[in-house]
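Student: just coords:
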C-alpha cells in the first residue's frame with residue numbers, strides 16, 4: 001500500500017514541479033470564468049481520462065471471496081489541439097478573441113491596448129506530451145457475484161506541493177450468471193470518484209460500463225464500452241478585479257469526454273496480477289497496473 005501512495009505522490013510531483021502549484025493557481029486567479037474554462041478544459045479532459053481508467057481487467061466475477069490491492073498507472077496523450085484556446089482579454093483591451101496558450105501550452109499571447117498598453121495572457125504551466133497519474137485501488141468481493149472497488153489517497157504537508165484528497169467507490173456485478181453457454185464473461189460496473197488538488201480545484205467523476213472478457217490459461221483478453229460524466233469546480237479570488245466585478249469566482253464546467261472503448265489484457269501469475277489497456281474516446285488513455293491478491 002505504501003508503494004502505491006508513493007506512486008501517486010510522485011505522479012502529482014511530476015505534474016506539479018516545485019512551486020508550480022502556486023504558479024498554476026496564480027495563473028487561474030487572473031482569469032475570468034470563460035477564460036478559466038478554456039484554459040483548464042484540456043486539463044479536465046486529460047484528468048478525467050485518467051481517473052475513469054483502470055478499474056478492472058476481467059469480466060469474470062464468480063461467487064467466491066476476492067481481495068486484491070493494485071497500483072494503477074494512467075497516462076492521457078496530450079495533442080497539439082489541447083495547447084491553445086480562444087481567450088478574450090480584459091477591458092480596456094479589445095474584446096475580440098485571441099488565440100493563446102492553455103495550461104498545456106507555451107507562452108501566452110501579448111495583446112496591444114490603448115496608449116501603448118500591453119497585456120500578456122497566461123502562460124501554459126504543464127509542458128508535457130502526456131498527463132500521468134497513479135492511484136491505489138482495493139477490490140473486495142465477490143459476494144453474490146458482486147465486488148466493491150475503492151480508491152483512496154490523502155496528502156497534506158509541504159507548501160511546495162498541493163494538498164491532495166482522493167476518494168472513489170465502485171461496484172461491479174457479474175452478468176454472465178444470468179445466461180448459459182456464453183462464449184465470454186460479461187460484467188457491468190458503476191463508479192464515483194472525488195479528487196481535490198490544492199485550494200481551488202475540486203473534481204468529481206462518474207462512469208458506468210459494460211465489459212466482456214475471455215480467459216486463455218493465464219491470459220485474459222477484455223474489452224468494453226464506457227459512459228462517463230466528469231466535472232471540475234474552480235473557486236478563487238479574481239486577481240485585479242475592478243470595483244464593478246465580483247472578485248469571488250466559484251463555477252463548475254464539464255469534461256468533453258462521454259464515451260470510450262476499452263481493450264486490454266490481463267496476466268495472472270498466482271497472487272500477482274499484471275494488466276494493461278488502451279482507452280479510445282475524446283482523449284486516448286493508456287493504463288497499466290500491478291496487483292497482489294486472490
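Tutor: Happy to help now that I have it. Just so it is clear, the structure is predicted and the values come from calculations on it, not from any experiment. Residues are numbered from 1 along each chain as shown.
Student: Tell me if I'm right that residue 172 and residue 61 touch.
Tutor: Yes: if you go by C-beta atoms under 8 Å, residue 172 and residue 61 touch, sitting 6.2 Å apart. C-betas here are computed from N, CA, C, even on glycine.
Student: Find residues that contact each of those two.
Tutor: 141, 146, 147, 187 (C-beta atoms under 8 Å, 6 or more residues apart in numbering).
Student: average pLDDT across the longest helix seen in the chain?
Tutor: Identified as the longest helix of the chain according to DSSP state H is helix 33-51. Helix 33-51 shows a mean pLDDT of 95.
Student: what's the angle between whichever helix or strand comes after it and helix 33-51?
Tutor: Next along the chain after helix 33-51, taking DSSP states H and E as the criterion, comes strand 66-77. Relative orientation of strand 66-77 with respect to helix 33-51: 130 degrees, computed using axes from the mean of the first three to the mean of the last three C-alpha atoms, to 10 degrees.
Student: can you give me the helices for the chain?
Tutor: Under the criterion DSSP H, the chain contains helices at 2-15, 20-29, 33-51.
Student: Please identify the buried residues of the last one?
Tutor: In terms of neighbour count (16 or more other C-beta atoms under 10 Å), helix 33-51 has its buried residues at 35-51.
Student: so where's the stretch 1-150 of the chain uncertain?
Tutor: Low-confidence segments of the stretch 1-150 of the chain (pLDDT under 70): 1-22.
Student: hmm, who's touching stretch 205-225?
Tutor: For stretch 205-225, the surrounding residues in contact (C-beta under 8 Å, 6+ apart) are 48, 51-52, 55-60, 168, 183-195, 226-230, 259-269, 277.
Student: Where do the strands of the stretch 101-250 of the chain begin and end?
Tutor: Applying DSSP state E, counting those that start in this stretch to the stretch 101-250 of the chain gives strands spanning 110-112, 118-120, 130-143, 146-155, 164-174, 185-197, 201-216, 219-237, 248-254.
Student: Out of those strands, which is closest to residue 290?
Tutor: Smallest distance to residue 290 across those (C-beta to C-beta): 10.9 Å, for strand 130-143.
Student: who does the closest one pair up with?
Tutor: strand 66-77 (antiparallel), strand 146-155 (antiparallel) (DSSP bridges).
Student: Contact partners for residue 40?
Tutor: Here residue 40 is in contact with 28, 102, 103, 232, 234, 253 (C-beta under 8 Å, 6+ apart).
Student: Can you tell me which of the residues you listed is nearest residue 177?
Tutor: The closest of the contacts of residue 40, once distances to residue 177 are taken by C-beta to C-beta, is residue 232, at 38.0 Å.
Student: Could you count how many residues lie near the nearest residue to residue 282 once chain neighbours are set aside?
Tutor: Nearest residue to residue 282 in three dimensions, chain neighbours excluded: residue 257, at 4.6 Å (C-beta to C-beta, 6 or more residues apart in numbering). Residues lying near residue 257 (other C-beta atoms under 10 Å) number 26.
Student: The longest helix of the chain: how far from the chain's middle?
Tutor: Offset of helix 33-51 from its chain centre (C-alpha atoms, centre = their mean, to the nearest Å): 10 Å.
Student: Does residue 283 touch residue 45 like I think?
Tutor: Yes: under the criterion of C-beta under 8 Å, residue 283 makes contact with residue 45 at 5.4 Å.
Student: Which neighbours do those two have in common?
Tutor: Taking C-beta under 8 Å, 6+ apart as the contact rule, residue 283 and residue 45 both touch 76, 257.
Student: sorry, back to before: now do the contacts for the residue nearest to residue 282.
Tutor: Applying C-beta under 8 Å, 6+ apart, the residues near residue 257 are 45, 48, 49, 52, 228, 230, 281, 282, 283.
Student: Over to residue 80?
Tutor: Per C-beta under 8 Å, 6+ apart, neighbours of residue 80: none.
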